[in-house]
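In: Pasted the sequence and its predicted model underneath.
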Amino acid sequence: MDSTTSPIVIIGGGQSGLAAARAVTAAGLRPVVLEASGRAAGSWPDYYDSLTLFSPARYSAMPGLPFPGDPDHYPHRDEVVAYLEQYAALVAEQGADIRLNTRVTAVRAERAGFVVQGDGGEEIAASGVVAASGARPLIPSLPGADAFTGELEHVAAYRNPKAYAGRRVVLVGAGNSAVQIGYELAEVAEVTLASRQPVRLMPSRLHGLDVHHWAVTTGFDRLPPAWLARLVAGRLVNDPGVYARAVQDGTLRRRPMFTALDGDGVIWDDGTSEHVDAVLTATGYVPNLDYLADLGALDEAGMPLHDGGLSLTHPGLVYLGVEFQRSYASNTLRGVAADADHVIAALAAYAGGAVAALGL
């Protein structure tokens, strides 16, 4: 392992940061992983109680550590947390320096690389930086939200359906989280999905095999996002065989997006008003990169300026875990390692002095 250069600092100790740490050590460089929380498991401990992976265990492992249990079972949230903590121990044994409870507040560029600053005032010189800090909830702007008297929350705050028993709930969104949460809420509450596009369900099993088998073996996972945007309309929701029935029998209803919140209710697109007790927004997440704001690496919306995870503004800065970064699977357990190998190969060349070696 090369100890003559400053380390590669990896911001975030979840699945993306751990995948980066493995790739950095494999490249012969020193990774320092900075994780804001007290566990090297990313956001997984904070997800809702019933969350299970949409991919079976055999397609949910990262390099060097098989996912335990039946390869065909769909791991629960807590299983993923335990797996990631095992993976953190593995990469630590390989040489990664993982520092918990260390929140990064800023990154600045210097001629020799970068300086990463923590919330305790600590500064770490880095020959390269991996921004792998996950995502924060995307809070939509809803007309009338300020005066809405019901409960208005992003599903990031949702844990289980107990608090919604007997209530009228509108869930904004048409993706996997919206449908999975809506389905379990419908057992105890009156639920409607509100979305701009219809829900598009995809069977979890095709021809007797999990759909992820076909995604991997056909090469679907390797199709670039620009092509997917033209070939696949809308978001796909994995259906284990219960969601389609729930939609058909009216257990889980869907309506076009409401036009506004109004006091204690919503105004639907046909102009009718309806009282609702709670509105939950399953509107996705955006990269959590505030610490790069002063570096000039983000666009006006706070999104990274990158090409496949390689910064377009700062050589030596790379990203991991961005949705559709290079493929459909980019921000998943099964896909992040391929992205890590891609960006770390370029980062290792840069940090190793490839440019200087040619006298440039």
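Out: Looks like it came in fine. Computed from a predicted model, the values in this text were never measured in an experiment.

In: which residues are contacting the host helix or strand of residue 25?
Out: Here residue 25, judged by DSSP states H and E, is contained in helix 15-26. The contact list for helix 15-26 (C-beta atoms under 8 Å, 6 or more residues apart in numbering) reads 1, 8, 10-11, 30-31, 33, 35, 40, 42, 62-64, 84, 87-88, 90-91, 94-96, 98, 130, 132-134, 320-321, 331, 333, 336-337, 339-341, 343-344, 347-348. All C-beta spots, glycine's among them, are computed from the backbone N, C-alpha and C.

In: again, but for stretch 235-253
Out: Residues from elsewhere that reach stretch 235-253 (C-beta under 8 Å, 6+ apart): 54, 174-176, 179, 182-183, 186, 191-193, 197, 199-205, 211, 254.

In: Pull out the buried residues from the residues you listed.
Out: When the contacts of stretch 235-253 are checked for burial by 16 or more other C-beta atoms under 10 Å, the buried set is 54, 174-176, 179, 182-183, 186, 191-193, 199, 204, 211, 254.

In: what are the ranges of the strands in the stretch 1-150 of the chain?
Out: 8-11, 31-34, 97-99, 104-110, 113-118, 123-126, 128-131, 135-137 (DSSP state E, counting those that start in this stretch).

In: could those strands go into CSV alongside mean neighbour count?
Out: Listed next are these as CSV, based on neighbours: other C-beta atoms under 10 Å:
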stretch, mean neighbour count
strand 8-11, 30
strand 31-34, 25
strand 97-99, 17
strand 104-110, 16
strand 113-118, 20
strand 123-126, 18
strand 128-131, 30
strand 135-137, 17
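
In: pLDDT at the closest residue to residue 96 other than its chain neighbours, what is it?
Out: Nearest non-adjacent residue to residue 96, counting by C-beta to C-beta, 6 or more residues apart in numbering: residue 21, 4.0 Å away. Residue 21 carries a pLDDT value of 98.

In: Can you get me a residue count around residue 21?
Out: 31 (other C-beta atoms under 10 Å).

In: quick revisit: identify whichever of the strands of the stretch 1-150 of the chain lies nearest to residue 356.
Out: strand 113-118 (12.6 Å; C-beta to C-beta).

In: Show me what that closest one is packed up against.
Out: Contacts defined by 3 or more C-beta pairs under 8 Å, 6 or more residues apart in numbering; DSSP states H and E place strand 113-118 against strand 8-11, strand 104-110, strand 123-126, strand 128-131.

In: State the helix or strand in which residue 271 lies.
Out: Using DSSP H and E, residue 271 is not contained in any helix or strand.

In: what separates the helix holding residue 25 from the chain centre, distance-wise?
Out: 16 Å (C-alpha atoms, centre = their mean, to the nearest Å).

In: Please convert the strands of the stretch 1-150 of the chain to TSV, extending it with mean pLDDT and distance to residue 243.
Out: TSV is the format used below for those (pLDDT from 0 to 100; distance: least, C-beta to C-beta, whole Å):
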stretch	mean pLDDT	distance to residue 243
strand 8-11	98	36
strand 31-34	98	37
strand 97-99	98	38
strand 104-110	96	39
strand 113-118	96	43
strand 123-126	96	45
strand 128-131	98	35
strand 135-137	93	23
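
In: Let me have the ones you listed in CSV, extended by distance to residue 233.
Out: Below are these laid out as CSV (distance: least, C-beta to C-beta, whole Å):
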stretch, distance to residue 233
strand 8-11, 35
strand 31-34, 38
strand 97-99, 41
strand 104-110, 38
strand 113-118, 40
strand 123-126, 41
strand 128-131, 30
strand 135-137, 24
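
In: For residue 50, find the nearest of those.
Out: Here strand 135-137 is closest among the strands of the stretch 1-150 of the chain (C-beta to C-beta), at 18.6 Å.

In: Show me what the closest one is in contact with.
Out: Counting by C-beta under 8 Å, 6+ apart, 43, 154-156, 283-288, 321, 323 sit against strand 135-137.

In: Quick check on those: which are buried?
Out: The neighbour count (16+ other C-beta under 10 Å) marks 43, 154-156, 283-288, 321 as buried among these.
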